[in-house]
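Asks: got a predicted structure here, sequence first:
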There are 2 protein chains.
Amino acid sequence: MNRPRIRIHDVAAAAGVSLATVDRVLNKRPGVRQVTVDKVEAALRALDYRPDIHAARLARGQALRLMFIVPRGHNSFMDMVVAEIRSTADRLRHERCDIELRFVDAFDGPAVASMLDALSPDDCDGVAVVAPDAPGVREAIDACVARGLHLVTLVSDLPSSHRQHFVGIDNIAAGRVAGRLLGRLSAGRSGRIALIAGSMTLRDHMERHLGCEQVLRADFPHLRTLPVVEGRDFAETTAQVARELLAAHPDIVGLYNMGAGNRGLVEVLRQAGAPGRIVTVAHELTPHVRQALVEGVYDAIVCQDAAHEVRSAVRVLQALCEGGEVVRSQERIRIEVYLKDNLP
Amino acid sequence: MNRPRIRIHDVAAAAGVSLATVDRVLNKRPGVRQVTVDKVEAALRALDYRPDIHAARLARGQALRLMFIVPRGHNSFMDMVVAEIRSTADRLRHERCDIELRFVDAFDGPAVASMLDALSPDDCDGVAVVAPDAPGVREAIDACVARGLHLVTLVSDLPSSHRQHFVGIDNIAAGRVAGRLLGRLSAGRSGRIALIAGSMTLRDHMERHLGCEQVLRADFPHLRTLPVVEGRDFAETTAQVARELLAAHPDIVGLYNMGAGNRGLVEVLRQAGAPGRIVTVAHELTPHVRQALVEGVYDAIVCQDAAHEVRSAVRVLQALCEGGEVVRSQERIRIEVYLKDNLP
DNA sequence: CATATTTTGATGTGCGTACATCATTTCCGG
DNA sequence: CCGGAAATGATGTACGCACATCAAAATATG
C-alpha cells in the first residue's frame, strides 16, 4: 500500500540516464534527443513520478507571484472578495506565494484591457481577473495567455476567451434556482413577479434572468414576470425602482433581485410592511442581506462563496504555474441556497 | 508591502541568541532557561515569524501519518466519505502525508473505543474518527488526546470529549432548514408531517428532529408531526415503514427523512405516484437521491459535502500536527440546500 | 577521418528547516 | 571559589529539487 516515494534518482535509474538528463526533461530544458525524452517520459509515467511539491517550492527559491484584478467601487459582494484576497495574501506570504491586488474602474472594459496588456511574465506568474464582457477584454486575455501568463477569470467569465479556468458559478442555473424558489415559496398564489437587475448589459444578471424565466414559464405559468428594471447595483437607485414597481403593480406576489443594491431594496420592503406577502429572492450573503433574511424580509438567498472563490482561484493558479494538478471537485463553486436557518 | 521573509536566522539575531536556541524553543526541546524562552518568543512575535512550511516538511523528512476511522457497512453517504478519503490519500501521498483508512463495525461503540485505545503516537500523528455516541468512546477519545495524538471528530461529534475539532454540520440547524422547507414548500396546506429517522439513538438524527420540530411548531402550526418511525438506515426497512405511514395517514402533506435508506423511500414514493402532493425533504446528495430530486420525487435536499469534510479534516489535522493555523472560515462546513436546479 | 556540434554525465550549490553532536559558557550550591 | 549541572553556541547533515557549469561522449558534417 505504502510504496516508497519515487524520486528523480529512481526515474534516472529506470530510464538508464543521469539525474541531469531527467532534470532537463522535467523542466523542459533544451539539449535532449527526442528518443531520450521519450525514454525518460516513459519512466516517469511507469513509476508515476510526481515531484515533491515542498522540495520543489523550496528549491525554486522565488515565490510565486499572483495578481488579482478586481473592479473598484462599492459593492458589498466585491468587498467580501477583496477582503478574502487580502487575508489570503496575508496567509500565503509565508508559503512562498505573493499576491498583489489591483483595482480597475468598475466595468470599464478598456481600462481592464490595458491593465492586462501591461502585464508581462516579469510582473507575475498568474492572474485572476474579474472580466467584464466589454470590447477588447477578450483580446487582452488571449494576449496575456499567449505571453505565457497563466490566467483565470473570477466571478464573471468570458467563455470565448483563452482563459485557462473560470472560478465562479453558472448564473443560468442560479437564475433557475431563484425561479424555482419564487415558484415554490409563493404557495400557489397567482400574480406578477418583479425582476430587478443591476444592468441589462451585465452578462451574469442577464443569465440569471434567463434561468429564472425558463423555470417560471415551464413550471409556474400562473406567475407572470414583469419587465426587468435596472437598479444599477446602487442602493438608492434600486430602492427607487422598487418603490415604483410596488406602486404600479398591486398584484406582485414575488420579487427577484438579480443584482446588488440590496440595502436599498430591503429598506423599501421593510417600509412596505409586506413581509410574508411578497416572496423575495436575492443574491449574495452580504451583511444587509443577512439581516433581511433573519427578519424575514427576504425569504431565500442564492449565493456564491466569495472566500471559496478566492481560495480556489489561488489554488488553480498555483497548479497552473507549477504544473500541478487541479482537483476539479474541489474547485467547483457551489450555487448555495440560504434560508434563515442555515446562515453560516 | 512585501517585506522580506523572516527566517530563523533573523529571529536569532533579534533575540540575541544562536540558531540552535531558537530551534530549541520552536520545537519545545528542553534545556533553555525560561528567561531565554521568553526573549525568543518575544522576538518571534515581534517579527511575526512563521516557519516556511515547505522547508519544514522537507526537513522533517518523515511524512505526516493520519488515520481515518469510519463505520463499515453500506450507507451511500459513508461510501462518498470513504471514496473521498481514498482519493485524497492518493493525492497527498506525494505531499508527505500518508493517510490510512480503517473500518469499524457500524456504530459499535466498544469496537471504536478499543480501536482508539490501540493507537499510539507510533502509529500515526493524527486521527479523524466518525464518533458514535456510545459508552466508552468519549473516554477513548480523551485518552488518545492525552497520549499526544491529535484527534478530530468527523460527521458525528462528541462535544463533551476533548476532541480538538469537529468537522461536520450543526444538525439542529439542518433540521430547522428541513422544517422550514417543509413548511414553505407545502403551499399553506394543513395536515400531517411524517418523520423517518434511522434510529432514535443516533445523535444526529435526533438533533435534526429537534430542529425540525422547533420550526414547525413555531412557524407552521397548521402542520402537525407524526411520531418518528425508524427506518434503520436500510432501504428495505425504510420502504416498509414509509408504506405503513402513507397507508395509515391519508392526511400526510409532508415527509422528512432524517436518515439514510433513501433508495427504498424513493421507490415507495414513486409507486404511490404522489409527486407534487407530498412535500419531501431528505438528507445527503447520494446518487439515488439525486435522481429523485431530478424526477421531482424529492423536493429539496439538505446536505453536507462529504468531500469538503474529508479535505477539511485533513487540513485541520495537518495544522494541528505541524503547529499551523486553522483558517476557521475555510473549515466551516455548510448546510447545503439542493433543489433540482442547483445540483452540482 | 578530423572537426564541429549536439547530447549526456558528473558534480556542486542553495533553499529553510529539523535534528544531532560536541564544545563552551553560565549558573548554582556547597 | 570550586565543581558539576544546566544552558547555550557552533557546526554539520539531511531533506528533494531547481539550476548551473564543465567535462566527456556520441553524433553529425564536410
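Replies: Yes, it's here.
Asks: and the residue of chain A found nearest DNA strand D, how close does it get to A:Ser186?
Replies: Evaluated by Cβ to the nearest atom of the strand, chain A has A:Ala59 as its residue closest to DNA strand D, separated by 2.8 Å. C-beta coordinates here come from the backbone N, C-alpha and C atoms, glycine included. A:Ala59 is 61 Å from A:Ser186, where distance means Cβ to Cβ, to the nearest Å.
Asks: give me the more crowded residue out of the two.
Replies: A:Ser186 (21 against 11; other Cβ atoms under 10 Å in any protein chain shown).
Asks: next, the contact list for that one, please.
Replies: The neighbours of A:Ser186, taking Cβ atoms under 8 Å, 6 or more residues apart in numbering or on different chains as the test, are A:Phe220, A:Leu223, A:Val253, A:Gly254, A:Val279.
Asks: how about the secondary structure of the third one?
Replies: At A:Val253 the chain is in strand, as set by DSSP: H, G, I helix; E, B strand; the rest coil.
Asks: can I assume it is in contact with A:Ala194?
Replies: No. The pair A:Val253 / A:Ala194 is not scored as a contact, 9.2 Å apart, by Cβ atoms under 8 Å.
Asks: can you count the residues close to A:Asn27?
Replies: Neighbours of A:Asn27 using other Cβ under 10 Å come to 8.
Asks: and what of A:Arg7?
Replies: 16.
Asks: residue contacts, it?
Replies: Contact partners of A:Arg7, counting by Cβ under 8 Å, 6+ apart, are A:Tyr49, A:Asp52.
Asks: kindly report the same for the one 5 residues further on.
Replies: If you count contacts by Cβ under 8 Å, 6+ apart, A:Ala12 has them with A:Ser18, A:Leu19, A:Thr21, A:Val22.
Asks: of the residues you listed, which are in range of DNA strand C?
Replies: Filtering the contacts of A:Ala12 for neighbours of DNA strand C using Cβ under 7 Å from any atom of the strand leaves A:Ser18, A:Leu19, A:Thr21.
Asks: return a PyMOL selection command for the buried portion of those.
Replies: In PyMOL, this line selects whichever of the ones next to DNA strand C among the contacts of A:Ala12 come out buried by 16 or more other Cβ atoms under 10 Å in any protein chain shown:
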select buried, chain A and resi 21
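Asks: now the ones next to DNA strand C among the contacts of A:Ala12 as TSV including secondary structure and pLDDT?
Replies: What follows is the ones next to DNA strand C among the contacts of A:Ala12, written out as TSV (DSSP: H, G, I helix; E, B strand; the rest coil; pLDDT from 0 to 100):
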residue	secondary structure	pLDDT
A:Ser18	coil	89
A:Leu19	helix	90
A:Thr21	helix	92
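Asks: closest one of the ones next to DNA strand C among the contacts of A:Ala12 to B:Asp52?
Replies: Set against B:Asp52, the nearest of the ones next to DNA strand C among the contacts of A:Ala12 by Cβ to Cβ is A:Leu19 (24.9 Å).
Asks: on the pLDDT front, check the closest residue to that closest one other than its chain neighbours for me.
Replies: Nearest residue to A:Leu19, sequence neighbours excluded (Cβ to Cβ, 6 or more residues apart in numbering or on different chains): A:Ala12, at 4.9 Å. For A:Ala12, the pLDDT comes out at 91.
Asks: likewise A:Phe107?
Replies: Note on A:Phe107: pLDDT of 68.
Asks: for DNA strand D, what are the nearby residues on chain A?
Replies: When proximity is defined by Cβ under 7 Å from any atom of the strand, chain A lies next to DNA strand D at A:5, A:7-9, A:19-20, A:23, A:26-27, A:49, A:51-52, A:55-56, A:58-60.
Asks: which among those residues end up buried?
Replies: Buried by 16+ other Cβ under 10 Å: A:Arg7, A:Ile8, A:Leu26, A:Tyr49, A:Pro51, A:Asp52, A:Ala55, A:Ala56, A:Leu58, out of the residues of chain A next to DNA strand D.
Asks: for A:Ala134, state which of these is nearest.
Replies: Among these, A:Ala56 lies closest to A:Ala134 (Cβ to Cβ), at 38.2 Å.
Asks: where does that closest one fall, secondary structure wise?
Replies: helix A:53-60 (DSSP states H and E).
Asks: so is that helix next to DNA strand C?
Replies: Yes. Counting by Cβ under 7 Å from any atom of the strand, DNA strand C has neighbours in helix A:53-60: A:Ala55, A:Leu58, A:Ala59.
Asks: any weak-confidence spans in the stretch 51-200 of chain A?
Replies: Along the stretch 51-200 of chain A, the model assigns pLDDT under 70 to residues A:107.
Asks: please, where are all the strands along it?
Replies: Secondary structure of the stretch 51-200 of chain A by DSSP state E, counting those that start in this stretch: the strands cover A:64-71, A:97-104, A:126-129, A:150-154, A:165-167, A:191-197.
Asks: got these as CSV, with mean neighbour count and distance to A:Met258 columns?
Replies: Compiled in CSV, the strands of the stretch 51-200 of chain A are given as follows (neighbours: other Cβ atoms under 10 Å in any protein chain shown; distance: least, Cβ to Cβ, whole Å):
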stretch, mean neighbour count, distance to A:Met258
strand A:64-71, 22, 17
strand A:97-104, 18, 23
strand A:126-129, 28, 22
strand A:150-154, 25, 19
strand A:165-167, 22, 19
strand A:191-197, 23, 4
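Asks: could I get those strands in CSV, plus columns for distance to B:Leu216?
Replies: What follows is those, written out as CSV (distance: least, Cβ to Cβ, whole Å):
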stretch, distance to B:Leu216
strand A:64-71, 43
strand A:97-104, 46
strand A:126-129, 44
strand A:150-154, 41
strand A:165-167, 39
strand A:191-197, 27
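Asks: dump the ones you listed into TSV; add distance to chain B as well.
Replies: Formatted as TSV, the strands of the stretch 51-200 of chain A follow (distance: least, Cβ to the nearest Cβ, whole Å):
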stretch	distance to chain B
strand A:64-71	10
strand A:97-104	6
strand A:126-129	17
strand A:150-154	17
strand A:165-167	15
strand A:191-197	14
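Asks: my guess is A:Ala174 meets A:His205, correct?
Replies: No. Counting by Cβ under 8 Å, A:Ala174 stays clear of A:His205, with 10.5 Å between them.
Asks: hang on, the earlier thing: nearest to DNA strand C among the buried ones among the residues of chain A next to DNA strand D?
Replies: Nearest to DNA strand C among those, with distances taken as Cβ to the nearest atom of the strand, is A:Leu58, at 3.8 Å.
Asks: hmm, the closest one is touching B:Ala55, no?
Replies: Yes. The criterion here is Cβ under 8 Å, and A:Leu58 meets it with B:Ala55 at 5.2 Å.
Asks: got the contact list for A:Arg57?
Replies: Residues near A:Arg57 by Cβ under 8 Å, 6+ apart: A:Arg96, A:Glu322, B:His54.
Asks: what's the closest non-adjacent residue to the last one?
Replies: In this structure, B:His54 finds its nearest non-sequential neighbour in A:His54, 4.1 Å apart by Cβ to Cβ, 6+ apart.
Asks: same check on A:Leu320?
Replies: A:His150 (4.0 Å).
Asks: that neighbour and A:Arg57, how far apart?
Replies: Taking Cβ to Cβ, one finds A:His150 at 16 Å from A:Arg57.
Asks: most neighbours out of the contacts of A:Ser186, which is it?
Replies: Sorting those by how many neighbours each has (other Cβ under 10 Å) puts A:Gly254 first, at 26 neighbours.
Asks: residues in contact with that residue?
Replies: For A:Gly254, the contact set (Cβ under 8 Å, 6+ apart) comprises A:Leu182, A:Leu185, A:Ser186, A:Gly191, A:Arg192, A:Ile193, A:Ala194, A:Leu223, A:Ile278, A:Val279, A:Thr280, A:Val281.
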